[in-house]
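S.K.: the following block contains a protein sequence and its predicted model.
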Amino acid sequence: MLVNRHDVICKQGFLQKHSKKNKWKRFFFVLNGTEQHLLYYDNDNLKRTKPKGLIDLQYCQLYQMHESFFDKPNCLQLVTRGLSSVESNYLCADTAEEAQHWSHMIKPLCYQAIPHSPVPSRVKELRSLHVNILDAKRIPGKLAPQSYCVISLNDVKVCRTRPQHSPDPVWEEEFYLDEVPAEITTFSVTVFSRGKRAKDTAIGHVTVKLRSLRPSEQVEDWYLLSTQGTGAPSKGDVGSVRIRTYFQNDVVMPLEEYNGLQELLVQDGLETVFALAEVCKHQHESNTLAGALLNIFRSTGKEALLMTTLNAYQIAQEEMTSTLFRTTSLATKLMDLYMRRSVGTFLQHAVCPTILRITESNRSCELNPVLMERPADIASNLEYFLGLLDSTMDSIYMSTDSCPMQLRYICHCLQRNVQQKWPDEPSVRTRAVSGFIFLRLLCLALLNPRMFSLVTDAPTETAARTLTLVAKSLQNLANLIEFGTKESYMEVVNPFIVKNKQRIVLFLDELSNVPTYCAVRTDVCKAEDAARSLAALHHICSTHVDDIHRLSLSKPNLKKLVAVTDMLTVHRDHYLNQARKRHGTG
């Protein structure tokens, strides 16, 4: 078993592990704190099972993994450096909370490249990096008909864009990397050629030193790609890539330092939240704001208050039902984040049976004759596809009880508010809820099941097409509209839509039939995480303190926010000065 009786077992449980064959397999992991070993077994019967392998954490460093790298969330990697190579063990947890807990338990047992931080022990360094890969020019079309970018911290790959057509691909993909380790001094962007049959090859790369970036300032620039060290066949000009970056290097103070800010955030009316939403102009700031707010409100059991208030405000500002919640806002960002974090069981009941049936059978349900080798198969494809849609809706209709009560209460408030705003449009109460439950959740899970941890491997091209057709059909049903001439080949699905219109209305009404809210305080945001979220909000406040001061001229309550921001800035600077003196730079 390789675990002695007196060894300290810090954590154990199931994780997926990525193999060199590009497959994921589930193992039972045991974290031995005494030996600094991470062992993995075929099952959890440790007395009768020998370990399949061992990862010696003394020689590893823990790195985050962006969900874009494998199209899977909740991944982490353990990196072992050799004399001339870097080897990574990729692991994946079932939930974000489990991934975070494994990270917290593993990290202290890993090799520390910079063991002595100059920051006092109760203060944590906060280093985060936003990288927005915008576009490229002059990528050689013969070498790379399709190209994508991989972002690395030092030389460890952590995220990637989707392939786009050369020579002037446009990606416009943004990546937020928090908790960047202190030993990270550079990030690099490598452009790869997407090979259909051959292995993907590097075309060129650019390396950016973090110290060259102005802290807390957005920087956008064109970078000439270099072929040095890539093994690329071309030694000439291979193009350039445009990157927008935002690097933040700050500290997280003890949680009690932020009590004043937290009290202002949760006050009735959420005036502080609305002010922060107004001053956050850049996408990276609004993403940070949404994540931090959800962590803070969820830790106090008030996430429903946050989202119902923001949703009600957006409904009050809207004039037409056709554009309600169609654009990205703080309200929609929060709803998307909350659903992603809390509806795992609901998705397992609602759409996972359909996804597994489609991926395991790999049967074509193509209805577009243009995409078919034998158009005569349409009749049999349609029969099978309609049966698939019926079983999908049966699973969804029976999943009501597995939907979180907080989310159901939020849906109740949505229905109530839109009905009060547009009393003469009865369908709006259905479409307001279906826009979140179906369009932003169930359909999205069908289109990308790996992103929601519903499958381990990417669906085949045939299965992915079937999942797209199912999502397309549910999208029209959720909007209560039938297919028209724009997609005439889908008109054969209209009888299914007509048959289910009334049924989906009843389902969403039942889902939303939670008129009272019972706060559930969760432990998903521990003290350290809450402090980190509040530190991120303080950073936003201090960056925009002049804007908040101007808002306070018409909204006097915001003067308290200005005062709290200034006080926190003084305290933060005090901790930073202590750190500099300890480090000998003061």
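M.R.: Arrived safely.

S.K.: quick one: low-confidence residue ranges for the stretch 401-550 of the chain.
M.R.: Within the stretch 401-550 of the chain, the stretches falling below the threshold (pLDDT under 70) are 519-527.

S.K.: how about the residue of the chain most remote from its centre, secondary structure?
M.R.: Distance from the centre of the chain peaks at residue 376, with 42.0 Å (C-alpha atoms, centre = their mean). Of the three states, residue 376 takes helix under DSSP: H, G, I helix; E, B strand; the rest coil.

S.K.: show me what counts as buried in the helix or strand hosting residue 105.
M.R.: In this structure, residue 105 sits in helix 96-106 according to DSSP states H and E. Of all the residues in helix 96-106, those buried under the rule 16 or more other C-beta atoms under 10 Å are 96, 98, 99, 100, 101, 102, 103, 106. All C-beta atoms are positioned from the backbone trio N, CA, C, and that covers glycine.

S.K.: quick one: contacts of that helix?
M.R.: Helix 96-106 is contacted by residues 10-11, 13, 15, 31, 38, 57, 62, 64, 73-76, 78, 91-93, 341, 524, 529 when judged by C-beta atoms under 8 Å, 6 or more residues apart in numbering.

S.K.: starting at the chain centroid, how far to it?
M.R.: On the basis of C-alpha atoms, centre = their mean, to the nearest Å, the separation between the geometric centre of helix 96-106 and that of its chain is 16 Å.

S.K.: quick one: distance of stretch 40-51 to the chain centre.
M.R.: Between the centre of stretch 40-51 and the centre of its chain there are 32 Å (C-alpha atoms, centre = their mean).

S.K.: then stretch 261-275?
M.R.: Distance, centroid of stretch 261-275 to centroid of chain: 25 Å (C-alpha atoms, centre = their mean).

S.K.: now do stretch 448-460
M.R.: Relative to its chain's centre, stretch 448-460 lies at 14 Å (C-alpha atoms, centre = their mean).

S.K.: and the helix holding residue 105, C-alpha only, in PDB?
M.R.: C-alpha atoms of helix 96-106 as PDB (Å, rounded to 0.1, in the frame of the first residue of the first chain):
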ATOM      1  CA  ALA A  96     -14.600  23.500  -8.600                       C
ATOM      2  CA  GLU A  97     -14.700  23.200  -4.800                       C
ATOM      3  CA  GLU A  98     -13.000  19.800  -4.900                       C
ATOM      4  CA  ALA A  99     -10.300  21.100  -7.200                       C
ATOM      5  CA  GLN A 100      -9.700  24.000  -4.900                       C
ATOM      6  CA  HIS A 101      -9.500  21.800  -1.800                       C
ATOM      7  CA  TRP A 102      -7.000  19.400  -3.500                       C
ATOM      8  CA  SER A 103      -4.900  22.400  -4.500                       C
ATOM      9  CA  HIS A 104      -4.800  23.800  -1.000                       C
ATOM     10  CA  MET A 105      -3.800  20.400   0.400                       C
ATOM     11  CA  ILE A 106      -1.200  19.600  -2.200                       C
END
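
S.K.: beyond the one helix or strand residue 175 maps to, next helix or strand please.
M.R.: Secondary structure assigned from DSSP H and E places residue 175 in strand 170-177. Next helix or strand after strand 170-177 toward the C-terminus (DSSP H and E): strand 186-193.

S.K.: what's that next one in contact with?
M.R.: Counting contacts by C-beta under 8 Å, 6+ apart, the residues outside strand 186-193 that touch it are 129, 131, 133, 136, 139, 143-155, 200-210, 223, 225, 230, 238-239, 241, 243.
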